[in-house]
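Participant: next comes the sequence, and after it the predicted model I'd like to discuss.
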Amino acid sequence: MTVATMEETAFITLTQTAADKLLAIMKEKGLVGTHGLRVFVSGGGCSGLQYGMTFDDNPRAVDTVFEQHGLRVIVDPRSLPYLEGASIDYVDSLMGGGFQIDNPNAISTCGCGQSFRSKEEGGAGGGCSSCR
């Protein structure tokens, strides 16, 4: 497992607002001190790839792990190239709140913002009528 601090590397930027929200959720679920945030990319979604986040207390030896704003962030080696340089924020509005990922590696995203097409895949992005 590669362990780094944000001072050494900036794979993903986690805003203070997002970290605070995640730490509050972890505290509510009794996961403080044992878990980190696993951020990953998997195939699927209407644009080809989709984002995922879960709490994890068992990073694998091949994972990249770093800490930002007091929160441990875990990324697997397959997802890292798709997420490098991305920013995760939490936005709370009258229409509801949620986590938003701003990803410089995405050339197109779905209307819901949960799936994307990367530079490596090329081509036109898909669309989904269910999230517009």
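Facilitator: The structure has been received and is ready for your questions.
Participant: how far away is residue 75 from residue 37?
Facilitator: Plainly put, residue 75 is 10 Å away from residue 37 if you go by Cβ to Cβ, to the nearest Å. (C-beta placed from N, C-alpha, C; glycine too.)
Participant: could you do residue 66 as well?
Facilitator: From residue 66 to residue 37 the distance is 11 Å (Cβ to Cβ).
Participant: overlap in contacts of the two?
Facilitator: 72, 73 (Cβ atoms under 8 Å, 6 or more residues apart in numbering).
Participant: need the distance between the two termini of stretch 84-104.
Facilitator: 8 Å (Cα to Cα, to the nearest Å).
Participant: what's the average pLDDT for that stretch?
Facilitator: Stretch 84-104 shows a mean pLDDT of 87.
Participant: pull out the buried positions in it.
Facilitator: 84, 86, 88, 89, 90, 99, 101, 103 (16 or more other Cβ atoms under 10 Å).
Participant: so which of these are in strands?
Facilitator: Among the buried residues of stretch 84-104, DSSP state E puts 86, 88, 89, 90, 99, 101 in strands.
Participant: ok, the residues you listed vs residue 24, which is closest?
Facilitator: Set against residue 24, the nearest of these by Cβ to Cβ is residue 90 (10.0 Å).
Participant: longest helix in this protein, please.
Facilitator: Counting residues, the longest helix in the chain under DSSP state H turns out to be helix 16-28.
Participant: which residues sit against that one?
Facilitator: Contacts for helix 16-28 (Cβ under 8 Å, 6+ apart): 14, 32, 35, 37, 55, 68-71, 88-90, 99.
Participant: quick check: the gap between the residue nearest to residue 14 when sequence neighbours are not counted and residue 87.
Facilitator: Excluding its sequence neighbours, the residue lying closest to residue 14 (Cβ to Cβ, 6 or more residues apart in numbering) is residue 68, at 4.6 Å. Separation of residue 68 from residue 87 (Cβ to Cβ): 11 Å.
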